[in-house]
Each structure stands twice: as C-alpha cells, then as structure tokens.
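>>> Just need the structure, nothing else, for what follows:
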Amino acid sequence: MLAGPTAVGKGAVAAEIRAHHSDVWISVSVTTRPPRPGEIHGAHYWFVDDHAFDELIADGEMLEWAVVHRRARYGTRRRPVEEALRQGKLALLEIDLQGARQVRQSVPDAFLVFLKPPSWDELTRRLVGRATENAEEQARRLQTAVDELAAESEFDAVIVNHEIPAAAQELVALMRNTSQATPFA
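Okay, the predicted model is just below:
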C-alpha cells in the first residue's frame with residue numbers, strides 16, 4: 001500500500017509501475033470528485049456520485065474509504081483486492097493517510113509504504129505546478145499535507161520521491177521482498 005501527501009507523486013509512481021511492471025496489480029480507487037482533464041473513468045479512478053458511494057459503503061464493498069481534503073470521498077473496493085490476492089499477484093493500493101490507517105486496522109500485516117517529497121518546497125512546487133486545483137484547494141491540500149507528513153512513522157517503509165522511475169523501482173523491490181510475509185504493499 002502506498003500513501004503520502006498530496007502532489008507527492010503517488011499517481012505518477014503507480015503509473016510508472018503499471019507501465020513497466022506487469023506482475024503488479026494496481027487497485028483503481030473510487031472517488032466522488034469530478035475527473036481532472038485527461039482522467040479516464042475506470043482507468044484513473046471510478047468516478048461516482050455520492051449516492052453510489054453510499055451504496056458501496058452500505059453493501060460492505062469498501063476495504064477503506066475517507067473524506068479527503070475535506071471535500072471528496074475516496075476509497076478502495078474490497079472485492080478486486082481480494083481477487084488479486086487470491087490469484088497470487090502483488091497488489092498495490094494507492095491511498096491516503098486515513099485509508100492507510102483503516103487498512104492497518106483491518107489487515108494488520110499489510111505492508112505500508114510512505115512516499116514523501118524531497119522537501120516541503122518541492123511538494124509545494126509540484127502541487128502548484130500541476131495546475132489542477134485553484135488557490136483555495138491548493139491551500140487546503142497543503143494544510144492536510146502537514147498532518148500527513150507527520151504520520152511518516154506509522155509506515156513500514158519510507159521512499160523519498162526524487163525521481164518517479166527510481167521511486168517506482170524502489171517500491172516494486174520492497175513489494176517483491178515482502179510479498180511472502182504480507183498481503184499487499
């Protein structure tokens with residue numbers, strides 16, 4: 001499982017793994033936020049409305065879920081993860097801190113990896129540079145990032161994302177090394 005603050009590059013690292021490591025199954029999260037330009041339903045996220053998200057929760061379909069940045073809900077559907085694990089695949093969940101804490105409670109032996117930026121200034125530069133949020137949303141996300149960065153010690157391993165390919169390679173190596181003892185990274 002991979003978590004870290006906003007704009008640290010979780011999605012980019014997951015995309016790098018998807019492109020170069022076919023032995024790793026990557027969960028596609030469900031969200032109530034609208035798609036960003038270029039995002040594809042079912043590939044980047046499953047985009048649903050609040051009612052559909054509520055139904056997934058009520059039906060026990062969510063392994064984890066949370067309200068992120070005090071706005072939209074994000075979560076991981078349970079069945080696809082369980083199916084990937086039954087098939088013996090390395091399974092990667094790209095989630096937020098709240099979700100990581102829920103996974104830790106429900107699957108105590110899950111291997112949790114924290115992706116952190118090289119510096120606060122770099123995190124801010126990445127968030128502003130991607131230009132996908134307005135100034136108010138950027139400020140909200142940076143405020144959340146302070147708490148997320150403080151939770152680093154809750155994770156089994158930490159990767160500093162200097163460069164996406166190197167961070168992806170390090171994550172895959174950790175997953176392969178721990179796959180015998182843990183259900184997913």
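>>> Just the helices from the protein, written as ranges.
10-20, 50-58, 78-86, 97-106, 120-130, 135-150, 164-178 (DSSP state H).
>>> between the ones you listed, which gets nearest to V28?
helix 78-86 (7.7 Å; C-beta to C-beta). No exception for glycine: its C-beta is placed from N, CA and C like everyone else's.
>>> so that closest one versus helix 97-106, what angle?
Between helix 78-86 and helix 97-106, the angle comes out at 60 degrees (axes from the mean of the first three to the mean of the last three C-alpha atoms, to 10 degrees).
>>> Quick one: work out the angle between helix 78-86 and helix 50-58.
Going by the same axes, to 10 degrees, helix 78-86 makes 50 degrees with helix 50-58.
>>> Packing partners of helix 78-86?
strand 62-68, strand 90-92 (3 or more C-beta pairs under 8 Å, 6 or more residues apart in numbering; DSSP states H and E).
>>> List the buried residues for it?
Residues of helix 78-86 classed as buried: R78, V81, A84 (neighbour count, 16 or more other C-beta atoms under 10 Å).
>>> With stretch 15-23 instead?
A15, E16, I17, H21.
>>> Identify, from those, the entry nearest to A145.
When those are compared against A145 (criterion: C-beta to C-beta), the nearest one is A15, at 20.7 Å.
>>> For the chain, which residues score under the pLDDT cut-off?
Scanning the chain for pLDDT under 70 picks out 179-185.
>>> okay if I get the buried residues of stretch 15-23 as TSV plus distance to L112?
Below are the buried residues of stretch 15-23 laid out as TSV (distance: C-beta to C-beta, whole Å):
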residue	distance to L112
A15	20
E16	19
I17	16
H21	19
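>>> and which of those is nearest A131?
Nearest member of these to A131, counting by C-beta to C-beta, is A15, at 18.2 Å.
>>> list the contacts for L127?
T6, A7, E133, Q138, R141, L142 (C-beta atoms under 8 Å, 6 or more residues apart in numbering).
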